[in-house]
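Colleague: Structure of the sequence below:
(one chain, ligands or ions: 1)
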Amino acid sequence: MGMKVLSVASEAAGLVKTGGLADVAGALPAALAAQGVEVTTFIPGYPAVLAKLGKAKAIHKWDALLGEKARLLAGKLGETKLLVLDAPGLFAREGGPYSDASGRDWDDNWRRFAAFARAAADIAGGAVKGRSFDLVHAHDWQAGLVPAYLKLAPLADGHIVPSVITIHNMAFQGYYSADIFPKLGLPPEAWTVDGVESYGGVGFLKAGMQLADAITTVSPTYAGEIRSVEFGMGLEGLVLARSNRVHGILNGIDTAEWNPASDPHLAANYTAGKLAARTKNKRAIEQEFGLDRDDGPLFIVVSRLTWQKGMDVLETVLDHLVGIGGRLALLGSGDAEIEGAFLSAAARHPGRIGVKLGYDEGLSHRLQGGGDAILIPSRFEPCGLTQLYGLAYGCVPVVSRTGGLADTVIDANPAALAAEVATGIQMNAVSHGALAMAVSRAVDLYAQGPAWKRLQKNGMAADFSWGASGAAYAALYRQLLEEQG
Ligand code: ADP
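Modeller: Residues are numbered from 1 along each chain as shown. Purely as a prediction, here's the structure:
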């Protein structure tokens with residue numbers, strides 16, 4: 001019989017999404033099915049999730065899950081088996097998964113996701129009749145307490161299954177004051193640095209990293225980077241101490257969702273052999289963003305507008321970008337100050353810079369399908385998906401050399417150009433000078449027609465499907481089951 005895995009994630013594409021975690025949680029079940037692993041996704045019952053789930057069967061009840069009444073609903077999203085935690089006191093609210101409509105984090109996030117983790121540990125421990133799992137795979141800080149509950153507060157009649165935690169972004173740790181500890185329902189012994197304690201508070205991600213049987217992160221380079229003070233965000237010591245348990249497994253992309261030959265969002269579908277068809281998509285972007293028609297490259301951005309993504313630096317390079325003949329269509333949302341800076345750049349350069357603030361899945365596809373180059377000057381990037389979509393769509397990535405960006409883009413240096421393997425442009429530092437230079441290199445290469453086309457074709461030929469990464473996760477699961485005996 002195949003292995004059964006409970007994947008515990010606070011978002012999943014198709015249900016609720018704020019970033020790359022959703023893409024990965026959404027794609028894992030199919031990637032692992034191909035490896036003979038059956039994944040069930042466990043997700044909080046936000047209103048959007050319950051609406052998509054429709055009529056679902058309640059298969060378990062909690063009278064007091066951290067004090068809350070809750071039900072477990074079973075359903076499906078396409079082929080994927082879903083379990084949904086319906087706990088209205090925690091999740092029935094308007095806004096995002098983690099914050100209210102104005103973007104302010106919910107005050108009780110610790111309780112919302114502690115309850116979610118407790119429920120996950122119960123399910124994995126065998127609390128629900130007819131549903132058993134061999135292993136639990138927790139994602140990010142929102143599921144960080146799952147290994148802690150499993151190991152330190154198992155069900156009386158339950159069993160302990162191996163656990164894996166995946167770090168999608170070390171910057172988000174779910175760090176809370178010590179006052180919440182007594183309310184978590186963990187035994188007093190959990191309050192140590194070998195348990196959930198972290199710098200005098202409770203660290204959700206830290207707890208997961210401490211207690212899971214394996215830690216994975218989403219690219220080999222990031223797995224190395226988080227051993228350093230610069231990227232470890234205070235947890236580098238723990239990463240080093242458990243380094244024989246740390247694995248870097250690159251994210252894949254969902255090629256059913258992201259395929260330029262069949263993408264329903266595009267005005268024109270195309271393949272690497274029919275790149276000319278992209279022009280129609282470019283014209284559509286120009287129209288949608290109020291940009292001039294022009295022979296120079298059309299840069300795009302699809303991003304959270306934050307410091308991590310280097311968007312504050314990009315904003316300082318826009319006059320240069322326009323000055324050398326570039327145009328920019330930007331889709332994103334995030335820090336108010338950065339949003340304002342892009343809006344004023346658009347006002348300064350009508351016809352050259354167009355900005356749409358907000359979140360728009362369809363538009364994110366259209367931009368990749370018609371843009372010439374996607375700018376991703378991240379200060380750190382655990383994996384990054386938008387460069388992978390860019391590669392698949394012939395929208396050449398211009399990226400910083402960090403994390404997954406370093407692992408997936410081959411810089412158009414003279415050697416790589418001569419060997420015809422280059423797929424994009426990399427910069428070493430995220431500074432005004434380095435980014436301005438990278439943009440200049442892109443404009444120059446674009447002007448050399450065939451060389452640019454080569455970059456596009458190389459990128460489109462690269463394989464970033466889930467095959468290899470799905471196999472790597474499956475191998476890790478098997479290893480942990482063998483260790484358990
Ligand atoms: P992160 O998870 O750090 O935000 P990733 O590159 O891993 O970065 O994933 C971002 C995902 O969110 C991609 O699927 C990207 O297309 C999508 N995305 C980001 N911003 C927007 C937006 N404003 N509108 C639509 N999709 C967006």
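
Colleague: so who does Tyr359 touch?
Modeller: Ser333 (CB atoms under 8 Å, 6 or more residues apart in numbering). (Each C-beta comes from the backbone N, C-alpha and C, glycine too.)

Colleague: these two touch, right, Gly126 and Ala156?
Modeller: No: taking contacts as CB atoms under 8 Å, Gly126 lies outside contact range of Ala156: 11.0 Å.

Colleague: more neighbours, these two?
Modeller: The neighbour comparison of Gly126 against Ala156 (other CB atoms under 10 Å) goes to Gly126, with 17 against 5.

Colleague: What are the phi and psi values at the more buried one?
Modeller: Torsion angles at Gly126 (phi, psi; degrees, to the nearest 10) stand at phi 100, psi 20.

Colleague: which one is it nearest to, not counting chain neighbours?
Modeller: Leaving aside its sequence neighbours, Gly126 sits nearest to Gly158 (CB to CB, 6 or more residues apart in numbering; 5.1 Å).

Colleague: Ok, Gly370 next?
Modeller: That would be Asn281: by CB to CB, 6+ apart, it lies 3.1 Å from Gly370.

Colleague: Around Met311, how many other residues sit close by?
Modeller: Neighbour tally, Met311, other CB under 10 Å: 25.

Colleague: My reading is that the residue nearest to Gly370 is in a helix; is that accurate?
Modeller: Yes: assessed with DSSP: H, G, I helix; E, B strand; the rest coil, Asn281 lies in a helix.

Colleague: Tell me the pLDDT of it.
Modeller: Note for Asn281: predicted pLDDT of 98.

Colleague: and what of Met1?
Modeller: 56.

Colleague: so where do the strands sit in the stretch 1-150 of the chain?
Modeller: 3-8, 37-44, 57-65, 68-77, 80-86, 135-139 (DSSP state E, counting those that start in this stretch).

Colleague: Next, the angle from the shortest one to strand 37-44.
Modeller: An angle of 50 degrees separates the directions of strand 135-139 and strand 37-44 when computed by axes from the mean of the first three to the mean of the last three CA atoms, to 10 degrees.

Colleague: quick one: strand 135-139 to strand 3-8, angle?
Modeller: 30 degrees.

Colleague: Same question for the fourth one.
Modeller: What separates the directions of strand 68-77 and strand 3-8 is an angle of 120 degrees, with the same axes, to 10 degrees.

Colleague: Given strand 68-77, what are its sheet partners and their directions?
Modeller: strand 57-65 (antiparallel), strand 80-86 (antiparallel) (DSSP bridges).

Colleague: cool, and the second one?
Modeller: With DSSP bridges as the test, strand 37-44 is paired with strand 3-8 (parallel), strand 80-86 (parallel).

Colleague: ok, now how distant is the nearest residue to Tyr199 once chain neighbours are set aside from Asn259?
Modeller: In this structure, Tyr199 finds its nearest non-sequential neighbour in Gly234, 6.7 Å apart by CB to CB, 6+ apart. For Gly234, the distance to Asn259 equals 40 Å [CB to CB, to the nearest Å].

Colleague: Nice, that's everything, thank you.
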